[in-house]
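Student: sequence isn't available, so here's the structure alone:
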């Protein structure tokens, strides 16, 4: 695709670029974003191109000539394609296009017909406010962890080495997910130095939005990590590695062997299926928040532990899980019908 020179800030922009040029410039601007963000935005803009094509807007169209209802129209197109119930899909695909439109405004390549604020307000009017669906946790989630812990370890010989390492890794991985509440992208980014080869009870991780936070490890997770690293007997930097035959060359520091987020998802799903539990890596995060809240942790504390940017996020998602406190209040203040009836009879006999 042709490149478009970005005018320096403070200078008057030239003619608005074509959509194709602007999309290429936006893609180049994502160099500092995480691979997950780049993939999400790329997919969203692929859908946006399809929408524009169906609407008769070619990629040669200048960005300034986009219609004022382009964002509202794109949302309507997403609803038509994926259905009203696919809120998460719509939100993901909208996020990428909104980032692109913000990019246009920053470069002063935006729409003549509307500012980004006007586009956003128009979208808000047609989308409305969707109720947040409280996450459902399978209460048997700990069985996923204990199943891995109870599987017999293969012999410590050359023939069974890969399988033995995989099981030791899976035990350490599942215990880490369960004990820390880390996101799977955060888990796979861990290096052995972050936890001092399993001897440090806390680590500094980079979470969503490039925000750092401290996470804590329990004794069981650290013991499993030490057992796994001891069995590996290598100095590769990533904490969790691939051990399959198709992993290729190690690369600098063993980086090519680092476990991927998709592999974490597949591992959790495999062990969950073995015990008949509905679970994903994110379910461990919900479980951690639920346990903390029910044990008396404050929302602000859970917010910091999980790395939420806003306490409103924590409250919206997890406040419903403070069930033990609600149950205690229910038991303390509820009065059975039989007890009330006895009181009424006593009152009637004394009158």
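Tutor: Good, I have the coordinates. Everything quoted here is computed from the prediction, not taken from an experiment. Residues are numbered from 1 along each chain as shown.
Student: center of this protein, which residue is that?
Tutor: Most central in the chain under CA atoms, centre = their mean is residue 183, positioned 6.0 Å from the mean C-alpha point.
Student: and residue 70, backbone torsions?
Tutor: Dihedral pair for residue 70: phi -60, psi -40, per degrees, to the nearest 10.
Student: picking that back up, from residue 197, how far out is the residue nearest to the centre of the chain?
Tutor: Between residue 183 and residue 197 the computed distance is 23 Å (CB to CB, to the nearest Å). Bear in mind the C-beta positions are built from the backbone N, C-alpha and C, glycine included.
Student: next: residue 240.
Tutor: Residue 240 is 13 Å from residue 197, where distance means CB to CB.
Student: equivalent analysis for residue 187, please.
Tutor: 17 Å.
Student: same thing with residue 145?
Tutor: From residue 145 across to residue 197, the span is 22 Å (CB to CB).
Student: the more surrounded of those two?
Tutor: Neighbours per residue (other CB atoms under 10 Å) separate residue 145 from residue 197, with residue 145 holding more: 23 against 14.
Student: quick check: closest non-adjacent residue to residue 176.
Tutor: residue 221 (5.0 Å; CB to CB, 6 or more residues apart in numbering).
Student: the one you found contacts residue 172, correct?
Tutor: Yes: taking contacts as CB atoms under 8 Å, residue 221 lies within contact range of residue 172: 7.0 Å.
Student: what's in contact with the strand or helix carrying the residue nearest to residue 176?
Tutor: Per DSSP states H and E: residue 221 is located in helix 219-232. Helix 219-232 has contacts (CB atoms under 8 Å, 6 or more residues apart in numbering) with 156, 164-165, 168-169, 171-172, 175-176, 178-180, 192, 195, 197-201, 217, 239, 241.
Student: are any of the residues you listed buried, and which?
Tutor: Taking 16 or more other CB atoms under 10 Å as the criterion, what is buried in the contacts of helix 219-232 is 164-165, 168-169, 171-172, 175-176, 178-180, 192, 195, 198, 217, 239, 241.
Student: now, which of the residues you listed lie within helices?
Tutor: Applying DSSP state H to the buried ones among the contacts of helix 219-232, the entries found in helices are 164, 165, 168, 169, 171, 172, 175, 176, 178, 179, 180.
Student: for residue 339, state which of those is nearest.
Tutor: Nearest to residue 339 among those is residue 178, at 42.4 Å by CB to CB.
Student: tell me how far the closest residue to residue 151 other than its chain neighbours lies from residue 261.
Tutor: Nearest residue to residue 151, sequence neighbours excluded (CB to CB, 6+ apart): residue 167, at 6.1 Å. Noted for residue 167: a distance of 20 Å to residue 261, by CB to CB.
Student: which of the helices or strands spans residue 302?
Tutor: Going by DSSP H and E, residue 302 is in helix 299-306.
Student: er, residue 213 I mean
Tutor: Using DSSP H and E, residue 213 sits within strand 212-216.
Student: partners of that strand, with directions?
Tutor: Here strand 212-216 is paired, per DSSP bridges, with strand 202-206 (antiparallel).
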